[in-house]
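Participant: Okay, sequence plus prediction incoming.
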Number of protein chains: 2
Amino acid sequence: MQVLASKVSYQGPVFAVVTDHVLEPGGIESHRDVIRHSGSVVILAVDDVSRPKDPLIVMERQYRHAAGMYLWELPAGRKEPGEDTLPGAKRELLEETGYTARRWTKLVRYFASPGFLGEWMQVYLARGIVAGKAQPEPDENIHIELMPLSQVLGLIHGGKIHDGKTILSVLLYEAGRRSKKY
Amino acid sequence: MQVLASKVSYQGPVFAVVTDHVLEPGGIESHRDVIRHSGSVVILAVDDVSRPKDPLIVMERQYRHAAGMYLWELPAGRKEPGEDTLPGAKRELLEETGYTARRWTKLVRYFASPGFLGEWMQVYLARGIVAGKAQPEPDENIHIELMPLSQVLGLIHGGKIHDGKTILSVLLYEAGRRSKKY
């Protein structure tokens, strides 16, 4: 792949739009707008000690202006530029929920919308969680709830969870539990 | 939620960036950049007739400039403005793969990145598929492969599929098959 020309078409506080003139494998020449930001971390934080058969999951409910509604979601956030994913995940979990965790495992890494969104989402499974005091940012108003896995799965299969990272991560965790991986 | 002011900060061919000054529920006042485009459709097209125990899934492999790599993905694309999701899904499946399908069911609808990406992804399950001739757009170079569900699940659990809509949709379909929904 060859970038023939590249310019920043928009620079905002959270992401930039970069317009690239590219020659792609297969000989396709095109102009593509790509969203660039610093990448995201997602945390599936579970208490599987006090309830091993139906672990509790740390869930958030908040209003999302882009979606125009309240959503149930896993804790998540943007990495700081230059920050690694694991420190970023620990920071976001603490800031948004007050929880810390003793055991961190990579669950999955994926592109949320690879047609034009350039950065990975890195999902961590966090176990051995300990409650503490949340430190939300000024523009965050987050309600936290511990929800049994069975209930989250019920909401997913009932079409009541509308956030991609939450559906994907919980289904992958459930599949891993069935195969005794987690 | 109250939009105090709104302006188009960038308008490109595929999406726009809208900067909104908003007063959100809970009294949070903020400026938020939101990506607006016409919404996406995703098609999980399966042949569950000739192989009922391990259906074949229509998979695509293509180079994604935003991701900087080749990805395995389900067929998907942007709705035309004003187009409904079902005609959009039928059009994208035909254009990208040549397949048509007799039975269409809504599988799930979700936000890929609700922090700043405004539109739903609507996923359809397409059954009773019939092969035909693909009609790709000039900037598309797509390799099509029919892959058994078991193989796709193996790639997912091996961390070899990096596209969110594909992981989410296939896991949801597999869960629905286990509960005899599909």
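Facilitator: On my side now, so go ahead.

Participant: drop to CA atoms for contacts and neighbour counts, all remaining ones
Facilitator: Noted.

Participant: ok, and the closest non-adjacent residue to A:L155?
Facilitator: In space, and not counting its chain neighbours, A:L155 is closest to A:I161: 5.9 Å by C-alpha to C-alpha, 6 or more residues apart in numbering or on different chains.

Participant: I'd guessed that neighbour sits against A:M69; true?
Facilitator: No - judged on C-alpha atoms under 8 Å, A:I161 makes no contact with A:M69 at a distance of 11.7 Å.

Participant: returning to what we had before: roughly how far does the residue nearest to A:L155 sit from A:V170?
Facilitator: 11 Å (C-alpha to C-alpha, to the nearest Å).

Participant: Same question for A:M69.
Facilitator: 21 Å.

Participant: One more: A:Y124?
Facilitator: Taking C-alpha to C-alpha, one finds A:Y124 at 11 Å from A:V170.

Participant: Which one of these two is surrounded by more residues?
Facilitator: A:Y124 (24 against 20; other C-alpha atoms under 10 Å in any protein chain shown).

Participant: Settle this for me: A:T166 is touching A:L71, isn't it.
Facilitator: No - between A:T166 and A:L71 there is no contact under C-alpha under 8 Å: 10.2 Å.

Participant: Give the residue from the two that has the larger number of neighbours.
Facilitator: Using other C-alpha under 10 Å, the more surrounded residue of A:T166 and A:L71 is A:T166, with 26 against 18.

Participant: what helix or strand does the residue positioned nearest the centre of chain A sit in?
Facilitator: Chain A has A:V42 as the residue nearest its centroid, 3.2 Å off, counting by C-alpha atoms, centre = their mean. Secondary structure assignment for A:V42, by DSSP states H and E: strand A:40-47.

Participant: Next secondary structure after that strand?
Facilitator: In N-to-C order, the element after strand A:40-47 by DSSP H and E is strand A:56-64.

Participant: tell me which element the spatially closest residue to A:H162 that is not a sequence neighbour falls in.
Facilitator: Closest residue to A:H162 apart from its sequence neighbours, by C-alpha to C-alpha, 6+ apart: B:Y110 at 4.5 Å. B:Y110 belongs to strand B:100-111 when assigned by DSSP H and E.

Participant: Just the residues contacting that strand, thanks.
Facilitator: The contact list for strand B:100-111 (C-alpha atoms under 8 Å, 6 or more residues apart in numbering or on different chains) reads A:67, A:159, A:161-164, B:45, B:90, B:93-94, B:117-132, B:169, B:172-173.

Participant: what comes up buried for that strand?
Facilitator: B:T100, B:A101, B:W104, B:L107, B:V108, B:R109, B:Y110, B:F111 (16 or more other C-alpha atoms under 10 Å in any protein chain shown).

Participant: Could you export those as CSV, including pLDDT?
Facilitator: CSV is the format used below for the buried residues of strand B:100-111 (pLDDT from 0 to 100):
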residue, pLDDT
B:T100, 98
B:A101, 98
B:W104, 98
B:L107, 98
B:V108, 98
B:R109, 97
B:Y110, 98
B:F111, 97
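
Participant: okay, the angle between the helix or strand hosting A:V17 and strand B:16-24?
Facilitator: Using DSSP H and E, A:V17 maps to strand A:16-24. Going by axes from the mean of the first three to the mean of the last three C-alpha atoms, to 10 degrees, strand A:16-24 is angled at 150 degrees with respect to strand B:16-24.

Participant: Just give me the neighbour total for the nearest residue to A:Y99 once chain neighbours are set aside.
Facilitator: Spatially, and ignoring its direct neighbours in sequence, A:Y99 is nearest to A:A131 (4.6 Å; C-alpha to C-alpha, 6+ apart). Neighbourhood size, A:A131 [other C-alpha under 10 Å]: 11.

Participant: same deal with A:G159?
Facilitator: 14.

Participant: any idea how far A:I28 is from it?
Facilitator: Relative to A:I28, and taking C-alpha to C-alpha, A:G159 is found at 39 Å.

Participant: repeat for A:L44
Facilitator: 39 Å.

Participant: Contacts made by the least confident helix or strand in chain A by mean pLDDT with the rest, please.
Facilitator: Lowest mean confidence among the helices and strands of chain A (mean pLDDT, DSSP states H and E): strand A:28-36, at a mean of 93. With contacts defined as C-alpha under 8 Å, 6+ apart, strand A:28-36 is touched by A:15-24, A:116-119, B:12, B:14, B:65-66, B:138-141.

Participant: Equivalent analysis for stretch A:6-26, please.
Facilitator: Contacts for stretch A:6-26 (C-alpha under 8 Å, 6+ apart): A:1-5, A:28-38, B:9-10, B:33, B:63, B:65, B:141.
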